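Visitor: Sharing a sequence plus its predicted fold:
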Amino acid sequence: MKHRPGFGAIVAESVRTATTQPVATIATMIMIAGMCTAVLLTNGRAVAAENQVVAAIDDVGTRAIVVRAEEDSGLRSDVVAGLSRVEGVEWVGGFGTARDVENAAFHGGARAPLRQVWSEDLSVLGVAPPSRDVAATAWLAADSLSQLGFAAPAGAVRNIATDQTYGVGGELHRPSYLSFLDPLVVAPAATDEPGRIAVLVVIAADPALVQPLSAVVQSALEGVDPSSVKIQTSQQLAALRALIKGQLGDSGRSLVALVFTATAILVGAVQFGFVMLRRKDFGRRRALGASQRLILALLLLQTSLVAAVGAITGSAIAISIMWIVGDPLPNPAYAVALAILAVFVGALASLLPAIAAARREPIHELRVP
Amino acid sequence: MLAARSVTFGYERNIPLLTDWSAEFSRGELVAVTGPSGRGKSTLLYLLGLTLKPTSGEVLLDGAPVSHLHDRDRARIRARRFGFVFQDAALDASRTVIDNVVEGALYRGDDRSEARRRGRELLEQFDVSVRSNARPGQVSGGQAQRIALARALLGDPDVLLADEPTGNLDAASSRLVIDAMRNHARAGAAVVVVTHDAGVVEQADREVRL
């Protein structure tokens, strides 16, 4: 036979108490829901906007280091493999000189620049590695396919200067940091068949690594005529990103703290009123065998459960409003963290009333004078 | 079974309500505690029930001192071995009758559905014929006190402590409550009743005057 109430029984009793005290329960729920709605519609919206701006900056290429080399610079594809192994480098691609190609199906049509590409990881472009058994293959971005008059990624392109044809391997995926190469048509080259590179693109794993990696790239260009290469980094964009990151969200922190404090005071007042109105109940519970710890646990759990429902309701309302209005939505981690914090605020606010309830002396509450 | 040894207690310092008070309450007997108002009868009951701690002296249960145990241990003893009947029933108006009867099962860690089955039996035994989802506000004073008695007896306590249980009851309800307490004593429990009711004193095995 058990000698103490189980957790399930305590939860069930907390739910029963909450449902039999609708005024205190609804008041607490509304306050917590209001808090979550207010925070999400202010700070949550700012954080979501910040994330959107940062993502937009990242799309432009805050992590890219671009080396442009003249044809006689001596920059060769060998450098790609070495840089790919440097810590902090996410991707490296070397692009050869652009050669005009046209749809092999008809002469005199629109042209697009074809570049040979060397990379250790061609999957980033959605391109299959070159094979000795397959004839030269070209991969085209969506806009290149359209420009050259392909209804589907099938057929061939012809080098206008050399008359060499390339079978169309498929449609490639062009990452946003390669947008400066549009319209993009590439012919994958085997890494053991080196060639000259006109454009080298190094993508850092993090914007903060752009500066140190630029130095690494420069040292990798040993033997290349420095006057014939130009290194472009996105340090200004990275600096702008660092400036924005955290600023929008931080600006609302004091407001959030104010909303949390005000809600905690209001919830505490409601819970204290609830405890005062039900003094006799707590005295009876104590006399019938409830320990002070059990009374404390019952009240804290009751408020936490009510706060959890309030937090979910408030968050759902705020996210619905943001969705309807078309505002950027905060990421799920932010909403979950806010809900957990709301439950914590509810429990913390009810701590003092719960202690007051646990200390009720049954004789003072139950005896009729 | 239950004893008070040299118990002294007062709500205000230097004004003791009980001084060096001793008594024993054995299994199988119903003891009526009587005396004028303000002499500490209810206080004595709550001291014996381990919700108050004596300033000095000790309450013993089966020979072991229990009045200065940790709150958690005293609560456990109250839940498992004591039953309380309060002066005005002290039912929770927001709960149903049956929920009131089974309240103590939570503190004992007992199975709730089994407690509800036993609770319905007790209500039937005490002639409380109300709907199971009725609220205390819908029952008479006499029924309320019988519901409180069912709540106190649900855990089959070794000690039953009652504070003026017949104070506001009609003769029939008083009779039923007194009989239930007597039967519980005969079943082997110690029953201590604070009362002004001559009918209770008459039925008691012993009277202790304060």
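Guide: Arrived safely.

Visitor: Pick out the residue in chain B sitting closest to chain A.
Guide: Chain A sits closest to B:A79 of chain B, with a gap of 2.5 Å, by Cβ to the nearest Cβ. Any C-beta I mention is one placed from the backbone N, CA and C, and that applies to glycine too.

Visitor: quick one: that residue and B:Y107 touch, right?
Guide: Yes. The pair B:A79 and B:Y107 qualifies as a contact (Cβ atoms under 8 Å) at a distance of 3.9 Å.

Visitor: Overlap of the contact sets of the two?
Guide: A:288-290 (Cβ atoms under 8 Å, 6 or more residues apart in numbering or on different chains).

Visitor: Closest to chain B out of those residues?
Guide: Closest to chain B, out of all of the shared contacts of B:A79 and B:Y107 and judged by Cβ to the nearest Cβ, is A:G289, at 2.5 Å.

Visitor: okay, the closest one: pLDDT?
Guide: A:G289 is assigned 92 on the pLDDT scale.

Visitor: Now for it: which residues touch it?
Guide: Neighbours of A:G289 in contact, by Cβ under 8 Å, 6+ apart: B:75-76, B:78-80, B:82, B:104, B:107-108.

Visitor: Now it: closest residue in space that isn't a chain neighbour?
Guide: B:A79 (2.5 Å; Cβ to Cβ, 6 or more residues apart in numbering or on different chains).

Visitor: still on that earlier bit, out of the shared contacts of B:A79 and B:Y107, name the ones that lie in strands.
Guide: Of the shared contacts of B:A79 and B:Y107, none are assigned to strands by DSSP state E.

Visitor: Mind checking which of the residues you listed land in helices?
Guide: Within those, residues falling in helices by DSSP state H are A:L288.

Visitor: can you redo the shared contacts of B:A79 and B:Y107 as TSV with distance to B:R151?
Guide: Formatted as TSV, those follow (distance: Cβ to Cβ, whole Å):
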residue	distance to B:R151
A:L288	8
A:G289	11
A:A290	14
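
Visitor: chain center to stretch A:257-275, what's the gap?
Guide: The chain centroid and the centroid of stretch A:257-275 are separated by 33 Å, computed with Cα atoms, centre = their mean, to the nearest Å.

Visitor: now what about it, what contacts it?
Guide: So stretch A:257-275 is contacted by A:21, A:24, A:27-28, A:31-32, A:34-35, A:38-39, A:282, A:299, A:303, A:307, A:341, A:345-346, A:348-350, A:352-354, A:356-357 (Cβ under 8 Å, 6+ apart).

Visitor: what's the answer for stretch B:43-59, then?
Guide: A:286-287, A:361-363, B:2-11, B:16-18, B:20-22, B:25, B:33, B:65-69, B:74, B:77-78, B:82, B:84, B:159, B:161-163, B:192, B:194, B:210.

Visitor: Close to chain A: what parts of chain B are there?
Guide: B:42-43, B:46, B:49, B:51-52, B:71-72, B:75-76, B:78-80, B:82, B:84, B:86-88, B:90, B:92, B:94-95, B:99, B:103-104, B:106-110, B:112, B:151, B:163-164, B:167 (Cβ under 8 Å from any Cβ of the partner chain).

Visitor: And the buried ones among these, selectable in ChimeraX?
Guide: Command for ChimeraX, covering only those of the residues of chain B next to chain A found buried under the criterion 16 or more other Cβ atoms under 10 Å in any protein chain shown:
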select /B:42,43,46,49,51,52,71,75,76,78,79,80,82,84,86,87,88,90,92,94,95,99,103,104,106,107,108,109,110,112,151,163,164,167
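
Visitor: In helices, which of the residues of chain B next to chain A fall?
Guide: Counting by DSSP H, the residues of chain B next to chain A contribute B:42-43, B:46, B:71-72, B:75-76, B:78-80, B:99, B:103-104, B:106-108, B:112, B:151 to helices.

Visitor: and chain A, which residues reach chain B?
Guide: A:1-6, A:9-10, A:12-13, A:16, A:20-21, A:280-281, A:283-294, A:361-363, A:366-368.

Visitor: Now list the buried members of those.
Guide: Using 16+ other Cβ under 10 Å, the buried ones in those are A:4-5, A:9-10, A:13, A:21, A:280-281, A:283-292, A:294, A:361-363, A:366-367.

Visitor: who's A:A64 bridged to?
Guide: Beta bridges link A:A64 to A:I203, judged by DSSP bridges.

Visitor: swap that for B:L18, please
Guide: With DSSP bridges as the rule, B:L18 is bridged to B:F9.

Visitor: my guess is it meets B:S6, correct?
Guide: No. Counting by Cβ under 8 Å, B:L18 stays clear of B:S6, with 10.0 Å between them.

Visitor: Of those two, which one has the most company?
Guide: B:L18 (20 against 12; other Cβ atoms under 10 Å in any protein chain shown).

Visitor: what's the neighbour count on A:V199?
Guide: Neighbour tally, A:V199, other Cβ under 10 Å: 20.

Visitor: If you could redo that for B:A150, that was the one I meant.
Guide: 26.

Visitor: Let me see the contact set for A:I160.
Guide: Contacts of A:I160 (Cβ under 8 Å, 6+ apart): A:99-102, A:111.

Visitor: go again using 7 Å as the cut-off
Guide: A:100-102, A:111 (Cβ atoms under 7 Å, 6 or more residues apart in numbering or on different chains).

Visitor: ok, so what distance separates it from chain B?
Guide: For A:I160, the distance to chain B equals 86 Å [Cβ to the nearest Cβ, to the nearest Å].

Visitor: Over to A:G149?
Guide: The value you get for A:G149 to chain B, if Cβ to the nearest Cβ is used, is 77 Å.

Visitor: shaky segments in chain B?
Guide: Within chain B, the ranges that satisfy pLDDT under 70 run B:132.

Visitor: What are the boundaries of the strands in it?
Guide: B:2-9, B:18-25, B:30-34, B:56-61, B:64-65, B:82-85, B:159-163, B:190-194, B:206-209.

Visitor: same thing with chain A?
Guide: Under DSSP E, chain A gives strands at A:64-69, A:89-95, A:99-103, A:111-118, A:137-140, A:156-159, A:165-171, A:185-188, A:199-204, A:229-233.

Visitor: of those, which approaches A:T313 most closely?
Guide: strand A:89-95 (41.4 Å; Cβ to Cβ).

Visitor: Parallel or antiparallel, list what pairs with the closest one.
Guide: Strand pairing (DSSP bridges) places strand A:89-95 next to strand A:111-118 (antiparallel), strand A:199-204 (antiparallel).

Visitor: list the buried ones in it?
Guide: Buried, per 16+ other Cβ under 10 Å, within strand A:89-95: A:89, A:91-95.

Visitor: Need the mean per-residue confidence for that strand.
Guide: For strand A:89-95, the per-residue pLDDT averages 94.

Visitor: That one relative to strand A:64-69, how many degrees between them?
Guide: On the basis of axes from the mean of the first three to the mean of the last three Cα atoms, to 10 degrees, strand A:89-95 is oriented at 30 degrees to strand A:64-69.

Visitor: how far does strand A:89-95 sit from the chain's center?
Guide: On Cα atoms, centre = their mean, the centre of strand A:89-95 falls 23 Å from that of its chain.

Visitor: B:D163 versus B:G40, what's the distance?
Guide: 12 Å (Cβ to Cβ, to the nearest Å).

Visitor: report the angle between the axes of the helix ranked longest in chain B and strand B:159-163?
Guide: Determined from DSSP H, the single longest helix within chain B is helix B:171-186. Using the same axes, to 10 degrees, the inter-axis angle of helix B:171-186 relative to strand B:159-163 is 150 degrees.

Visitor: Output helix B:171-186 as PDB, nothing but the C-alphas.
Guide: C-alpha atoms of helix B:171-186 as PDB (Å, rounded to 0.1, in the frame of the first residue of the first chain):
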ATOM      1  CA  ALA B 171     -32.000  14.700  17.300                       C
ATOM      2  CA  ALA B 172     -32.200  12.100  14.600                       C
ATOM      3  CA  SER B 173     -29.000  13.200  12.900                       C
ATOM      4  CA  SER B 174     -27.300  13.500  16.300                       C
ATOM      5  CA  ARG B 175     -28.300   9.900  17.100                       C
ATOM      6  CA  LEU B 176     -26.900   8.600  13.800                       C
ATOM      7  CA  VAL B 177     -23.600  10.500  14.300                       C
ATOM      8  CA  ILE B 178     -23.200   9.300  17.900                       C
ATOM      9  CA  ASP B 179     -24.000   5.700  16.900                       C
ATOM     10  CA  ALA B 180     -21.500   5.800  14.100                       C
ATOM     11  CA  MET B 181     -18.800   7.100  16.500                       C
ATOM     12  CA  ARG B 182     -19.600   4.400  19.100                       C
ATOM     13  CA  ASN B 183     -19.500   1.700  16.500                       C
ATOM     14  CA  HIS B 184     -16.200   2.900  15.300                       C
ATOM     15  CA  ALA B 185     -14.900   2.800  18.900                       C
ATOM     16  CA  ARG B 186     -16.200  -0.700  19.300                       C
END
